[in-house]
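> Whatever this is, show me its structure:
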Amino acid sequence: MAVSQSASLETMRRRFLKDGFSTERRLAVYASGVALGYAITLIWQLMYNNFRIGLPAKDCLDFTWIWLSSKLALSSTIAQVYDYSSFSAARVALVGPPNCVLEHFDYPPTLLLFTFPLGFLPYAVAFVAWMGLTLLVYLAAVYAIIPRAAAIIAALTPYPVFINFLLGHNGFLTAGLLGLALAFMEGRPWVSGIFLGLLTYKPQFGILVPLALVASRNWRVLLSTTIATVIFGLAATLVFGFQAWPSFIEALVDRGSALNDDPRLSLYLLSVSGFLRAFSISPQIAWSAQLAITGVLAATVYAVWALPISHSLKAAALAIASLLAAPHAFSYDFCILTVAVAFLVKEGLSRGFRPRERGVMFGCWAGLNLLFGPFPAAICVVLLVLVVRRILGWRERAPDTPRPAFGTP
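Sure, this is the predicted structure:
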(Lines give C-alpha, C1' and ligand atoms only; values in the text may rest on other atoms or scores of the structure.)
Protein backbone atom coordinates (compact mmCIF):
# COMPACT_ATOMS: atom_id res chain seq x y z
CA MET A 1 0.00 0.00 0.00
CA ALA A 2 2.79 2.36 0.94
CA VAL A 3 4.68 1.47 -2.23
CA SER A 4 1.58 2.15 -4.36
CA GLN A 5 1.01 5.53 -2.69
CA SER A 6 4.65 6.47 -3.17
CA ALA A 7 4.46 5.56 -6.87
CA SER A 8 1.31 7.63 -7.25
CA LEU A 9 2.96 10.65 -5.65
CA GLU A 10 5.99 10.24 -7.90
CA THR A 11 3.73 10.11 -10.97
CA MET A 12 1.97 13.31 -9.88
CA ARG A 13 5.30 15.02 -9.25
CA ARG A 14 6.60 14.15 -12.71
CA ARG A 15 3.34 15.26 -14.33
CA PHE A 16 3.52 18.60 -12.53
CA LEU A 17 7.13 19.15 -13.57
CA LYS A 18 6.23 18.27 -17.14
CA ASP A 19 3.01 20.20 -17.57
CA GLY A 20 2.67 22.43 -14.49
CA PHE A 21 3.48 25.63 -16.33
CA SER A 22 2.49 24.58 -19.80
CA THR A 23 -1.25 24.08 -20.05
CA GLU A 24 -3.10 26.85 -21.82
CA ARG A 25 -5.34 27.64 -18.86
CA ARG A 26 -2.49 27.78 -16.37
CA LEU A 27 -0.37 29.85 -18.72
CA ALA A 28 -3.19 32.37 -19.07
CA VAL A 29 -3.56 32.64 -15.28
CA TYR A 30 0.16 33.05 -14.64
CA ALA A 31 0.57 35.52 -17.49
CA SER A 32 -2.43 37.56 -16.32
CA GLY A 33 -0.82 37.90 -12.89
CA VAL A 34 2.46 39.12 -14.36
CA ALA A 35 0.69 41.53 -16.72
CA LEU A 36 -1.38 42.92 -13.84
CA GLY A 37 1.79 43.51 -11.83
CA TYR A 38 3.32 45.36 -14.77
CA ALA A 39 0.18 47.46 -15.18
CA ILE A 40 0.10 48.53 -11.53
CA THR A 41 3.79 49.47 -11.62
CA LEU A 42 3.40 51.39 -14.86
CA ILE A 43 0.36 53.33 -13.68
CA TRP A 44 2.21 54.39 -10.55
CA GLN A 45 5.34 55.28 -12.52
CA LEU A 46 3.55 57.27 -15.20
CA MET A 47 0.98 59.04 -13.05
CA TYR A 48 3.26 60.03 -10.18
CA ASN A 49 6.55 60.47 -11.96
CA ASN A 50 6.41 61.02 -15.71
CA PHE A 51 3.10 62.92 -16.03
CA ARG A 52 3.29 65.40 -13.17
CA ILE A 53 1.58 68.68 -14.09
CA GLY A 54 0.76 67.18 -17.48
CA LEU A 55 4.40 67.11 -18.57
CA PRO A 56 7.08 64.44 -18.50
CA ALA A 57 9.43 64.51 -15.56
CA LYS A 58 13.11 65.31 -16.02
CA ASP A 59 14.07 61.65 -15.91
CA CYS A 60 14.62 61.14 -19.62
CA LEU A 61 11.46 59.46 -20.88
CA ASP A 62 12.22 58.43 -24.46
CA PHE A 63 8.75 59.28 -25.70
CA THR A 64 9.73 62.93 -25.21
CA TRP A 65 11.80 63.00 -28.40
CA ILE A 66 9.11 61.13 -30.34
CA TRP A 67 6.51 63.73 -29.37
CA LEU A 68 8.86 66.70 -29.87
CA SER A 69 9.90 65.49 -33.33
CA SER A 70 6.24 65.32 -34.35
CA LYS A 71 5.63 68.83 -33.00
CA LEU A 72 8.63 70.24 -34.86
CA ALA A 73 7.70 68.41 -38.07
CA LEU A 74 4.28 70.07 -37.96
CA SER A 75 5.30 73.57 -36.95
CA SER A 76 8.64 74.22 -38.66
CA THR A 77 11.04 73.10 -41.34
CA ILE A 78 12.16 69.49 -41.23
CA ALA A 79 15.80 70.53 -40.77
CA GLN A 80 15.02 71.62 -37.21
CA VAL A 81 13.94 68.09 -36.34
CA TYR A 82 17.46 66.85 -37.11
CA ASP A 83 19.32 69.93 -35.84
CA TYR A 84 20.80 69.24 -32.42
CA SER A 85 20.64 72.88 -31.23
CA SER A 86 16.99 73.37 -32.21
CA PHE A 87 15.90 70.02 -30.83
CA SER A 88 17.81 70.46 -27.59
CA ALA A 89 16.36 73.95 -27.08
CA ALA A 90 12.83 72.62 -27.60
CA ARG A 91 13.45 69.86 -25.10
CA VAL A 92 14.84 72.29 -22.51
CA ALA A 93 11.74 74.44 -22.92
CA LEU A 94 9.58 71.40 -22.20
CA VAL A 95 11.35 69.59 -19.37
CA GLY A 96 14.17 71.83 -18.20
CA PRO A 97 17.96 71.47 -18.56
CA PRO A 98 18.92 68.37 -20.56
CA ASN A 99 20.13 65.38 -18.59
CA CYS A 100 19.86 62.67 -21.23
CA VAL A 101 22.44 61.20 -23.57
CA LEU A 102 19.88 61.03 -26.40
CA GLU A 103 18.56 64.51 -27.04
CA HIS A 104 18.06 64.65 -30.78
CA PHE A 105 16.13 62.83 -33.50
CA ASP A 106 18.14 60.55 -35.78
CA TYR A 107 15.59 58.18 -37.32
CA PRO A 108 14.72 58.18 -41.04
CA PRO A 109 12.00 60.66 -42.05
CA THR A 110 9.75 57.64 -42.63
CA LEU A 111 9.29 57.26 -38.86
CA LEU A 112 7.69 60.72 -38.84
CA LEU A 113 4.92 59.33 -41.05
CA PHE A 114 3.97 57.16 -38.05
CA THR A 115 4.43 59.83 -35.40
CA PHE A 116 3.59 63.26 -36.80
CA PRO A 117 -0.16 62.97 -35.94
CA LEU A 118 0.94 62.86 -32.28
CA GLY A 119 1.93 66.50 -32.60
CA PHE A 120 -1.74 67.48 -32.67
CA LEU A 121 -2.28 65.96 -29.22
CA PRO A 122 -1.28 66.99 -25.68
CA TYR A 123 1.70 65.06 -24.34
CA ALA A 124 -0.17 62.66 -22.04
CA VAL A 125 -2.86 61.90 -24.64
CA ALA A 126 -0.22 61.38 -27.32
CA PHE A 127 1.64 58.94 -25.06
CA VAL A 128 -1.48 56.86 -24.46
CA ALA A 129 -2.36 56.89 -28.17
CA TRP A 130 1.14 55.90 -29.24
CA MET A 131 1.46 53.06 -26.77
CA GLY A 132 -2.07 51.81 -27.38
CA LEU A 133 -1.83 51.73 -31.17
CA THR A 134 1.66 50.21 -31.34
CA LEU A 135 0.64 47.62 -28.73
CA LEU A 136 -2.24 46.61 -31.01
CA VAL A 137 0.23 46.07 -33.87
CA TYR A 138 2.41 43.92 -31.59
CA LEU A 139 -0.50 41.83 -30.30
CA ALA A 140 -1.96 41.49 -33.79
CA ALA A 141 1.32 39.93 -34.92
CA VAL A 142 1.25 37.43 -32.05
CA TYR A 143 -2.39 36.56 -32.77
CA ALA A 144 -1.62 36.10 -36.48
CA ILE A 145 0.99 33.51 -35.47
CA ILE A 146 -0.97 31.78 -32.69
CA PRO A 147 -4.69 32.72 -32.70
CA ARG A 148 -5.30 31.94 -29.04
CA ALA A 149 -6.17 34.22 -26.12
CA ALA A 150 -3.45 32.68 -23.95
CA ALA A 151 -0.82 33.69 -26.51
CA ILE A 152 -2.01 37.31 -26.40
CA ILE A 153 -1.83 37.40 -22.61
CA ALA A 154 1.57 35.69 -22.56
CA ALA A 155 2.90 38.26 -25.06
CA LEU A 156 2.35 40.96 -22.43
CA THR A 157 4.66 39.35 -19.88
CA PRO A 158 8.27 39.52 -21.22
CA TYR A 159 10.31 42.17 -19.41
CA PRO A 160 11.11 44.11 -22.63
CA VAL A 161 7.36 44.80 -22.90
CA PHE A 162 7.46 46.52 -19.51
CA ILE A 163 10.57 48.50 -20.51
CA ASN A 164 8.96 49.63 -23.76
CA PHE A 165 5.89 50.85 -21.87
CA LEU A 166 8.08 52.60 -19.31
CA LEU A 167 10.10 54.46 -21.94
CA GLY A 168 7.30 55.02 -24.44
CA HIS A 169 9.47 53.72 -27.27
CA ASN A 170 8.87 51.94 -30.59
CA GLY A 171 9.65 48.34 -29.63
CA PHE A 172 6.03 47.24 -30.16
CA LEU A 173 5.96 48.73 -33.65
CA THR A 174 9.23 47.08 -34.68
CA ALA A 175 8.30 43.64 -33.35
CA GLY A 176 4.75 43.92 -34.69
CA LEU A 177 5.77 44.81 -38.24
CA LEU A 178 8.36 42.02 -38.36
CA GLY A 179 5.92 39.52 -36.87
CA LEU A 180 3.12 40.43 -39.29
CA ALA A 181 5.51 40.24 -42.24
CA LEU A 182 6.63 36.75 -41.26
CA ALA A 183 3.10 35.58 -40.40
CA PHE A 184 1.70 36.61 -43.80
CA MET A 185 4.71 35.57 -45.86
CA GLU A 186 3.37 32.17 -46.91
CA GLY A 187 -0.27 32.98 -47.59
CA ARG A 188 -0.17 36.68 -48.56
CA PRO A 189 3.31 37.51 -49.87
CA TRP A 190 2.35 40.95 -51.20
CA VAL A 191 0.95 41.98 -47.81
CA SER A 192 4.07 40.61 -46.13
CA GLY A 193 6.23 42.81 -48.34
CA ILE A 194 4.25 45.91 -47.32
CA PHE A 195 4.98 45.24 -43.64
CA LEU A 196 8.67 44.73 -44.43
CA GLY A 197 8.68 48.01 -46.35
CA LEU A 198 7.23 49.80 -43.32
CA LEU A 199 9.88 48.18 -41.13
CA THR A 200 12.60 50.09 -43.00
CA TYR A 201 12.04 52.96 -40.56
CA LYS A 202 14.45 50.89 -38.41
CA PRO A 203 16.71 49.38 -41.08
CA GLN A 204 19.20 47.66 -38.75
CA PHE A 205 16.63 44.91 -38.14
CA GLY A 206 16.22 44.15 -41.83
CA ILE A 207 19.86 43.36 -42.64
CA LEU A 208 19.25 39.62 -43.05
CA VAL A 209 15.78 39.75 -44.60
CA PRO A 210 16.90 40.01 -48.27
CA LEU A 211 19.17 36.96 -47.81
CA ALA A 212 16.27 34.94 -46.44
CA LEU A 213 13.99 35.95 -49.29
CA VAL A 214 16.60 35.13 -51.94
CA ALA A 215 17.45 31.79 -50.34
CA SER A 216 13.78 30.75 -50.24
CA ARG A 217 13.03 32.28 -53.65
CA ASN A 218 10.28 34.47 -52.21
CA TRP A 219 10.41 36.79 -55.22
CA ARG A 220 6.92 38.21 -54.70
CA VAL A 221 7.75 39.20 -51.13
CA LEU A 222 11.04 40.71 -52.27
CA LEU A 223 9.36 42.69 -55.05
CA SER A 224 6.57 43.84 -52.75
CA THR A 225 9.13 44.93 -50.13
CA THR A 226 11.08 46.92 -52.69
CA ILE A 227 7.99 48.68 -54.01
CA ALA A 228 6.67 49.41 -50.50
CA THR A 229 10.06 50.77 -49.41
CA VAL A 230 10.24 53.14 -52.38
CA ILE A 231 6.67 54.34 -51.87
CA PHE A 232 7.29 54.77 -48.13
CA GLY A 233 10.37 56.89 -48.82
CA LEU A 234 8.65 58.95 -51.50
CA ALA A 235 5.71 59.61 -49.18
CA ALA A 236 8.09 60.96 -46.54
CA THR A 237 9.73 63.15 -49.19
CA LEU A 238 6.40 64.55 -50.35
CA VAL A 239 5.17 65.25 -46.82
CA PHE A 240 8.37 66.61 -45.26
CA GLY A 241 10.40 67.74 -48.28
CA PHE A 242 13.54 66.45 -49.98
CA GLN A 243 15.74 68.19 -47.39
CA ALA A 244 14.62 65.62 -44.85
CA TRP A 245 16.99 63.00 -46.23
CA PRO A 246 20.25 65.06 -46.27
CA SER A 247 19.37 66.29 -42.76
CA PHE A 248 18.83 62.70 -41.60
CA ILE A 249 22.14 61.51 -43.06
CA GLU A 250 24.02 64.37 -41.41
CA ALA A 251 22.36 63.61 -38.05
CA LEU A 252 23.14 59.91 -38.48
CA VAL A 253 26.84 60.65 -39.00
CA ASP A 254 26.88 62.77 -35.84
CA ARG A 255 25.01 60.04 -33.98
CA GLY A 256 27.52 57.41 -35.06
CA SER A 257 30.33 59.54 -33.68
CA ALA A 258 28.52 59.89 -30.35
CA LEU A 259 27.95 56.14 -30.14
CA ASN A 260 31.63 55.42 -30.60
CA ASP A 261 32.90 58.02 -28.15
CA ASP A 262 30.29 58.26 -25.39
CA PRO A 263 30.84 55.50 -22.81
CA ARG A 264 27.54 56.25 -21.09
CA LEU A 265 25.50 55.24 -24.12
CA SER A 266 27.44 52.04 -24.71
CA LEU A 267 26.09 50.69 -21.43
CA TYR A 268 22.60 50.77 -22.86
CA LEU A 269 23.45 49.01 -26.10
CA LEU A 270 22.67 45.29 -25.94
CA SER A 271 24.33 44.34 -29.21
CA VAL A 272 27.63 42.49 -29.34
CA SER A 273 29.50 45.65 -30.28
CA GLY A 274 27.78 47.62 -27.53
CA PHE A 275 28.64 44.99 -24.92
CA LEU A 276 32.32 45.04 -25.92
CA ARG A 277 32.48 48.84 -25.90
CA ALA A 278 31.00 48.84 -22.39
CA PHE A 279 34.25 47.17 -21.31
CA SER A 280 36.36 49.85 -23.04
CA ILE A 281 37.17 47.63 -26.01
CA SER A 282 38.21 49.76 -28.96
CA PRO A 283 35.48 50.58 -31.50
CA GLN A 284 37.49 48.86 -34.24
CA ILE A 285 37.60 45.54 -32.38
CA ALA A 286 33.97 45.83 -31.27
CA TRP A 287 32.75 46.47 -34.79
CA SER A 288 34.96 43.69 -36.19
CA ALA A 289 33.38 41.26 -33.74
CA GLN A 290 29.91 42.48 -34.65
CA LEU A 291 30.62 42.08 -38.37
CA ALA A 292 32.06 38.59 -37.85
CA ILE A 293 29.01 37.44 -35.90
CA THR A 294 26.70 39.04 -38.45
CA GLY A 295 28.51 37.12 -41.19
CA VAL A 296 27.96 33.83 -39.36
CA LEU A 297 24.31 34.70 -38.81
CA ALA A 298 23.87 35.64 -42.46
CA ALA A 299 25.25 32.26 -43.57
CA THR A 300 23.02 30.50 -41.05
CA VAL A 301 19.87 32.33 -42.15
CA TYR A 302 20.61 31.68 -45.82
CA ALA A 303 21.15 27.97 -45.17
CA VAL A 304 18.02 27.65 -43.01
CA TRP A 305 15.76 29.46 -45.45
CA ALA A 306 17.03 27.35 -48.36
CA LEU A 307 15.91 24.14 -46.59
CA PRO A 308 12.54 22.46 -47.25
CA ILE A 309 11.40 22.81 -43.63
CA SER A 310 8.45 24.48 -41.95
CA HIS A 311 8.02 28.21 -42.27
CA SER A 312 7.70 28.54 -38.47
CA LEU A 313 11.29 27.39 -37.96
CA LYS A 314 12.55 29.70 -40.68
CA ALA A 315 10.67 32.67 -39.22
CA ALA A 316 11.93 31.98 -35.69
CA ALA A 317 15.52 31.74 -36.92
CA LEU A 318 15.25 35.01 -38.87
CA ALA A 319 13.69 36.94 -35.98
CA ILE A 320 16.39 35.83 -33.53
CA ALA A 321 19.25 36.35 -35.98
CA SER A 322 17.95 39.81 -36.95
CA LEU A 323 18.14 40.88 -33.32
CA LEU A 324 21.65 39.49 -32.85
CA ALA A 325 22.90 40.99 -36.11
CA ALA A 326 21.65 44.53 -35.33
CA PRO A 327 24.59 46.71 -34.21
CA HIS A 328 22.25 49.02 -32.29
CA ALA A 329 19.79 47.01 -30.22
CA PHE A 330 18.28 48.26 -26.98
CA SER A 331 16.16 46.66 -24.27
CA TYR A 332 12.82 47.58 -25.87
CA ASP A 333 13.92 46.01 -29.17
CA PHE A 334 13.92 42.59 -27.51
CA CYS A 335 10.14 42.51 -27.93
CA ILE A 336 11.17 40.83 -31.20
CA LEU A 337 11.95 37.69 -29.21
CA THR A 338 8.21 37.32 -28.52
CA VAL A 339 7.73 36.85 -32.27
CA ALA A 340 10.49 34.24 -32.40
CA VAL A 341 9.12 32.28 -29.45
CA ALA A 342 5.59 32.46 -30.87
CA PHE A 343 6.78 30.70 -34.02
CA LEU A 344 8.64 28.12 -31.92
CA VAL A 345 5.49 27.44 -29.90
CA LYS A 346 3.44 27.20 -33.11
CA GLU A 347 5.87 24.57 -34.36
CA GLY A 348 5.60 22.71 -31.06
CA LEU A 349 1.81 22.73 -31.19
CA SER A 350 1.78 21.21 -34.66
CA ARG A 351 4.60 18.68 -34.33
CA GLY A 352 4.94 18.19 -30.56
CA PHE A 353 7.33 19.70 -28.09
CA ARG A 354 10.74 18.17 -27.53
CA PRO A 355 12.01 17.16 -24.08
CA ARG A 356 12.86 20.18 -21.87
CA GLU A 357 12.02 22.55 -24.72
CA ARG A 358 9.24 24.35 -22.85
CA GLY A 359 11.41 24.60 -19.75
CA VAL A 360 14.22 26.24 -21.74
CA MET A 361 11.78 28.76 -23.24
CA PHE A 362 10.46 29.56 -19.78
CA GLY A 363 14.05 30.04 -18.60
CA CYS A 364 14.69 32.45 -21.46
CA TRP A 365 11.55 34.37 -20.51
CA ALA A 366 12.82 34.69 -16.92
CA GLY A 367 16.31 35.57 -18.16
CA LEU A 368 14.99 38.60 -20.02
CA ASN A 369 14.82 40.32 -16.64
CA LEU A 370 18.63 40.52 -16.96
CA LEU A 371 18.82 42.96 -19.86
CA PHE A 372 22.46 43.89 -19.42
CA GLY A 373 25.90 42.52 -20.16
CA PRO A 374 26.11 39.24 -22.11
CA PHE A 375 22.70 37.92 -20.99
CA PRO A 376 20.55 39.25 -23.90
CA ALA A 377 22.89 37.81 -26.53
CA ALA A 378 23.11 34.54 -24.59
CA ILE A 379 19.31 34.24 -24.55
CA CYS A 380 19.21 34.78 -28.31
CA VAL A 381 21.84 32.08 -28.79
CA VAL A 382 19.92 29.62 -26.60
CA LEU A 383 16.71 30.19 -28.57
CA LEU A 384 18.60 29.86 -31.84
CA VAL A 385 20.00 26.52 -30.61
CA LEU A 386 16.42 25.35 -30.00
CA VAL A 387 15.56 26.24 -33.59
CA VAL A 388 18.64 24.49 -35.01
CA ARG A 389 17.93 21.44 -32.83
CA ARG A 390 14.44 21.20 -34.31
CA ILE A 391 15.75 21.69 -37.83
CA LEU A 392 18.27 18.85 -37.44
CA GLY A 393 15.51 16.50 -36.35
CA TRP A 394 12.77 17.87 -38.56
CA ARG A 395 12.90 15.08 -41.15
CA GLU A 396 12.81 12.45 -38.43
CA ARG A 397 9.38 13.47 -37.12
CA ALA A 398 6.18 13.28 -39.15
CA PRO A 399 3.71 16.10 -38.56
CA ASP A 400 1.33 15.36 -35.73
CA THR A 401 -2.30 16.30 -35.54
CA PRO A 402 -2.86 19.62 -33.73
CA ARG A 403 -2.45 19.20 -29.98
CA PRO A 404 -3.97 21.09 -27.04
CA ALA A 405 -2.06 24.31 -26.53
CA PHE A 406 1.01 24.09 -24.31
CA GLY A 407 0.22 20.63 -22.91
CA THR A 408 -2.59 18.49 -21.60
CA PRO A 409 -5.39 20.52 -19.98
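> any idea how far the closest residue to residue 121 other than its chain neighbours is from residue 117?
Leaving out its chain neighbours, the residue that sits closest to residue 121 by CB to CB, 6 or more residues apart in numbering is residue 129, at 6.3 Å. (Each C-beta comes from the backbone N, C-alpha and C, glycine too.) Distance, residue 129 to residue 117, by CB to CB, to the nearest Å: 8 Å.
> what's the answer for residue 138, then?
Counting by CB to CB, the separation of residue 138 from residue 117 is 19 Å.
> in the stretch 101-250 of the chain, which spans are helices?
Counting by DSSP state H, counting those that start in this stretch, the stretch 101-250 of the chain has helices at residues 109-115, 123-145, 149-154, 159-167, 171-184, 189-198, 209-215, 219-240, 244-261.
> residues near the residue nearest to residue 121, how many?
Using other CB atoms under 10 Å, residue 129 has 13 neighbouring residues.
> same deal with the one 4 residues further on?
The number of residues packed near residue 133 is 16, by other CB under 10 Å.
> residues contacting residue 176?
Listed by CB atoms under 8 Å, 6 or more residues apart in numbering, the contact set of residue 176 reads 134, 137, 138, 139, 140, 141.
> Skipping adjacent residues, who's closest to it in space?
Leaving aside its sequence neighbours, residue 176 sits nearest to residue 137 (CB to CB, 6+ apart; 3.3 Å).
> Next: residue 272.
Nearest residue to residue 272 in three dimensions, chain neighbours excluded: residue 290, at 5.0 Å (CB to CB, 6+ apart).
> So the one you found: helix, strand or coil?
Following DSSP: H, G, I helix; E, B strand; the rest coil, the label given to residue 290 is helix.
> Distance-wise, check it relative to residue 87.
According to CB to CB, residue 290 stands 28 Å off from residue 87.
> and residue 190, how many neighbours does it have?
Residue 190 has 14 neighbours, counted by other CB under 10 Å.
> just to revisit the earlier point, can you pull the contacts of the residue nearest to residue 176?
Going by CB under 8 Å, 6+ apart, residue 137 touches 172, 173, 176, 177, 180.
> need those in a markdown table with distance to residue 320 and pLDDT, can you?
Formatted as a markdown table, those follow (distance: CB to CB, whole Å; pLDDT from 0 to 100):
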| residue | distance to residue 320 | pLDDT |
| --- | --- | --- |
| 172 | 18 | 96 |
| 173 | 19 | 97 |
| 176 | 17 | 97 |
| 177 | 16 | 97 |
| 180 | 17 | 97 |
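> can you pull out the strands in the stretch 251-400 of the chain?
For the stretch 251-400 of the chain, no strands turn up when DSSP state E, counting those that start in this stretch is the criterion.
> Run through it and note the low-pLDDT ranges.
Low-confidence segments of the stretch 251-400 of the chain (pLDDT under 70): 254-268, 395-400.
> would you list every one of the helices in it?
Using DSSP H, counting those that start in this stretch, the helices assigned to the stretch 251-400 of the chain run over residues 263-266, 272-278, 283-306, 311-325, 336-351, 357-367, 375-392.
> Distance to residue 124 for these - can I get that in a markdown table?
Output for the helices of the stretch 251-400 of the chain, formatted as a markdown table (distance: least, CB to CB, whole Å):
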| stretch | distance to residue 124 |
| --- | --- |
| helix 263-266 | 28 |
| helix 272-278 | 32 |
| helix 283-306 | 38 |
| helix 311-325 | 31 |
| helix 336-351 | 27 |
| helix 357-367 | 31 |
| helix 375-392 | 31 |
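> Please work out which of the ones you listed is packed deepest.
Burial of these is given as mean neighbour count (mean count of other CB atoms under 10 Å); helix 311-325 ranks first at a mean of 26.
> Phi and psi next, for residue 282.
phi -60, psi 150 (degrees, to the nearest 10).
> Quick one: neighbours of it, just the number.
Look at residue 282: counted by other CB under 10 Å, it has 11 neighbours.
> Residue 270 versus that one, what's the distance?
Residue 282 is 19 Å from residue 270, where distance means CB to CB.
> Check residue 142 too.
Per CB to CB, residue 142 is found 22 Å from residue 270.
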